[in-house]
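**Q** The following block contains a protein sequence and its predicted model.
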Amino acid sequence: GAPWTLPLCAARDRWPNVFHFRIPGGRQFSPSAPRCPPSASESSRRPRRGDPQARPVLGPHQQCAYRLRRGGRRHGRGHAPAGGAAVEVLTDIGFLVNPVKQNLNMETRLVALGFLLKRVTKFLETAGEVRAHHQNTTARDVAKVVGQVLACKLSHGLVCKLRSRYLTRCLIPAAATRNYSVRVAIRGRALAELDFWIENLRTIAPRPMQSHTRRADYVIDCDASDSALAGIVMRAPDDGLRGLEIRRMLTARERRWSSTLREMTGYALTTRTLAQRAQLRGTVVEIVGDSKCAEIIFRKGGSQAAFDDETGDLLLLEALLDIFGDAAREGLEVRLRWVPRALVQHADDLSKYEDRYDYGLTPYWRRRVL
């Protein structure tokens, strides 16, 4: 569908407040110039009453902008209540407008930017209070911190989910009893996440509004079996690295892990090994695997599953943090691409190969030695 534009507070010397959203059916509201019917001064001639051109046929997006300009459908110009036309249009589209929280007043500055700065200050105050009483704080205050961190995902990306999983686990007792007045203690990894946001919220670089996908410099096919992890470098600028095989046997503890966790551990192993063999700063490393669950974990920023009772770690999250941590230290971009099993069969065969280290002498050399 064509873009719809809703200039709610347009004026000559004031900033227009513009909504940008998408509704079911494929229609999109975007901050572009409103396509309103031309005024009489802009027309080549003034249409007379009864002339078919006096009321041009408008599309849906033009009707919205025109009604906002006229002050609504049931009110004439200058007779609509404050914000009545905007509320009317949004209600007709299907949105529920909160009359208490709406802000439809004309402003001389971008309200969203000032609001964002206030939110940062408010978050640091709330997080500082929770940090001061981290041994005995309410679940409601922790939920406020988690909610404000996740609200920054649009501007800061996956780091908001990667660095809030342990704080979210602190809310499990409150969510189970539906009582957020219970007291909780923040320790270990959850406390580290809280300290991370207090120290780094103002310095985390916002992600670009439009991210462009570069062609990968390195492509690694990876797979994991119930006995080993394996990866093969399929593309590399250096011919000496092309075809490099990376492999490690699983420990007894790792053999009991789920297939997704073994796959994620293999991705971390291949990324770390490649970083030791080549200079990867400024490059793009693409991991190719056949685990659909791993692709979802990459896209959503971790998982609450695979909790280790002995160490208190979210194992899937820790594997993903290892991958992104190595990428941040080496200055590279890492991404995951899912493919069917048949396209990484050579990596699958390498992961299933088991070297029994059963070395011996052939009969010829045994006769020579003995």
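**A** Yep, that arrived.

**Q** if I look at residue 302, how far off is residue 324?
**A** 10 Å (CB to CB, to the nearest Å). For the C-beta atoms, the positions are set from N, CA and C on the backbone; glycine is no exception.

**Q** Kindly apply the preceding question to residue 145 instead.
**A** Applying CB to CB to residue 145 and residue 324 gives a distance of 22 Å.

**Q** The two: who's more crowded?
**A** residue 145 (24 against 18; other CB atoms under 10 Å).

**Q** Could you grab the helix/strand/coil label for the more buried one?
**A** The local conformation at residue 145, judged by DSSP: H, G, I helix; E, B strand; the rest coil, is helix.

**Q** surely it meets residue 167?
**A** Yes: the pair formed by residue 145 and residue 167 meets the contact definition of CB atoms under 8 Å, at 6.6 Å.

**Q** any common contacting residues for those two?
**A** The contact sets of residue 145 and residue 167 overlap at residue 194 (CB atoms under 8 Å, 6 or more residues apart in numbering).

**Q** neighbours around residue 92, how many?
**A** 12.

**Q** just the one 5 residues further on next, same as before
**A** Residues lying near residue 97 (other CB under 10 Å) number 14.

**Q** can you pull the contacts of residue 165?
**A** 193, 302, 304, 314, 317.

**Q** Just confirm residue 211 is within a strand.
**A** No: according to three-state DSSP, residue 211 belongs to no strand; its state is coil.

**Q** now residue 344: how far from residue 263?
**A** According to CB to CB, residue 344 and residue 263 sit 11 Å apart.

**Q** Need the overlap of contacts for the two.
**A** With CB under 8 Å, 6+ apart as the test, residue 344 and residue 263 both reach 222, 223, 289.

**Q** need the residues you listed in a markdown table with pLDDT and secondary structure, can you?
**A** Listed next are the shared contacts of residue 344 and residue 263 as a markdown table, based on pLDDT from 0 to 100; DSSP: H, G, I helix; E, B strand; the rest coil:
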| residue | pLDDT | secondary structure |
| --- | --- | --- |
| 222 | 95 | strand |
| 223 | 95 | strand |
| 289 | 94 | strand |
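
**Q** For ChimeraX, what selects the buried ones among the contacts of residue 165?
**A** In ChimeraX, a selection of the buried entries from those looks like this (16 or more other CB atoms under 10 Å):
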select :193,302,314,317
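
**Q** Just the contacts of residue 165: which are in strands?
**A** residue 314 (DSSP state E).

**Q** can you map out the strands along the chain?
**A** 3-4, 6-7, 18-19, 22-23, 27-29, 137-138, 183-184, 218-224, 228-235, 245-249, 284-289, 307-308, 313-314, 333-338.

**Q** Between strand 218-224 and the last one, find me the angle.
**A** Between the axes of strand 333-338 and strand 218-224, defined by axes from the mean of the first three to the mean of the last three CA atoms, to 10 degrees, the angle is 50 degrees.

**Q** what packs against strand 333-338?
**A** Counting contacts by 3 or more CB pairs under 8 Å, 6 or more residues apart in numbering; DSSP states H and E, strand 333-338 packs against strand 284-289, helix 292-300, helix 315-330.

**Q** List just the one of these that sits closest to residue 338.
**A** Shortest distance between residue 338 and the helices and strands packed on strand 333-338, using CB to CB, is found for helix 292-300: 4.3 Å.

**Q** With only the CA atoms kept, save that closest one in PDB.
**A** Provided in PDB are the C-alpha atoms of helix 292-300 (Å, rounded to 0.1, in the frame of the first residue of the first chain):
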ATOM      1  CA  LYS A 292      17.100 -23.300  12.900                       C
ATOM      2  CA  CYS A 293      16.900 -22.800  16.700                       C
ATOM      3  CA  ALA A 294      20.400 -21.200  16.600                       C
ATOM      4  CA  GLU A 295      19.300 -18.800  14.000                       C
ATOM      5  CA  ILE A 296      16.300 -17.700  16.100                       C
ATOM      6  CA  ILE A 297      18.600 -17.300  19.100                       C
ATOM      7  CA  PHE A 298      20.900 -15.100  17.100                       C
ATOM      8  CA  ARG A 299      18.000 -13.000  15.900                       C
ATOM      9  CA  LYS A 300      16.400 -12.600  19.300                       C
END
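
**Q** List the contacts of that helix.
**A** With CB under 8 Å, 6+ apart, helix 292-300 has contacts from 161, 260, 263-264, 267, 289, 303, 316, 320, 335-338.
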